[in-house]
Every structure is written in C-alpha cells, then in structure tokens.
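> Below are the sequence and a predicted model; questions follow.
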Amino acid sequence: MKQKVLSIFLMFAVICSFAMITEPAQASDSGILCWACIRNAGAGLSITSSGYATCTGSLTHSGSSGKVQVTLQRYQNSAWTAIKSWSDSRTGAICGVTGNYYITKGYSYRVKVSVYVYNSSGSLLESDTVYSSTKSY
C-alpha cells in the first residue's frame, strides 16, 4: 500500500513538472508560441595597446525585429559609469552593433549589452542584459 501511494505521488509530481516546463514564456504575433524569443545575446570588448576599444553586441532571436544597445562602461569612484553608447534596430533574426572608442589609461572597462525582441506590431516580447568580461587598461 505504501509503495502504491508513493508511485501515485511520484507520477503526479512528474506530470506537474511537465506542465511547468511546457508553459510558454510569451506569445508571438503570428500565433506561434514563443518559448524563449532570445536565442543568443553576446557582449565583447577588446582593447589595443594604444587604448582603442572595440565594443560589440549581438542578438539572435525568433521575433519579428530586434534592438541591440551597446554601452561602454568605466569603473570609477566605486561605480560603473557609461561613457559611450551605440544601438541598432533591425527586422529579421539577427542584429548586431560594433562601436569603437579611445579610452583613458588607469581604469577598468566593460561592455553592457541590452537586447530587445519585438513582434510585428512593435510590442516588446522579451529583453535581457549581458556583460562582457572586465578589462583593465
């Protein structure tokens, strides 16, 4: 009897976990459910020996259009401060931005990338923020 009750409980727990896994995050404008509209979001920072910083942001998604906002940040006075930003919006599944800027020696830098996915009506489906690794110059 005890094993039967345990088996029923475990079966119920498995069924409930499948219900939670299969619940969609957002609905797209095409009527197709959007499980995770953002497929990949990336941030990159490279700095040359002369202080030329290349900042990159990328987005791959399943919505109608996407926006990528790249912000170069400097760590100063115990806080991250934005010093330069670039952005781009595009229809289609891929969006990316690259920006360049000469930086000042003696600080740590990183790139903050905010990404947004929209349906064909312009409504926001999903957003996220990612950061590059921190680099000192």
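Perfect, thanks for sending it.
> Can you identify the element that follows the helix or strand hosting residue 113 toward the C-terminus?
Per DSSP states H and E: residue 113 is located in strand 108-118. Going down the chain from strand 108-118, the next helix or strand is strand 124-131, by DSSP H and E.
> angle of whichever helix or strand residue 55 is part of against strand 108-118?
Here residue 55, judged by DSSP H and E, is contained in strand 52-61. With axes from the mean of the first three to the mean of the last three Cα atoms, to 10 degrees defining the directions, strand 52-61 sits at 30 degrees from strand 108-118.
> Report the buried residues of strand 52-61.
53, 55, 56, 57, 58, 59, 60, 61 (16 or more other Cβ atoms under 10 Å). Bear in mind the C-beta positions are built from the backbone N, C-alpha and C, glycine included.
> Over to stretch 76-94?
Judged by neighbour count (16+ other Cβ under 10 Å), stretch 76-94 contains these buried residues: 80, 83, 84, 85, 86, 88.
> And the third one, how close does it get to residue 130?
Yep, that's residue 84 we're talking about. Applying Cβ to Cβ, to the nearest Å, the value for residue 84 to residue 130 is 18 Å.
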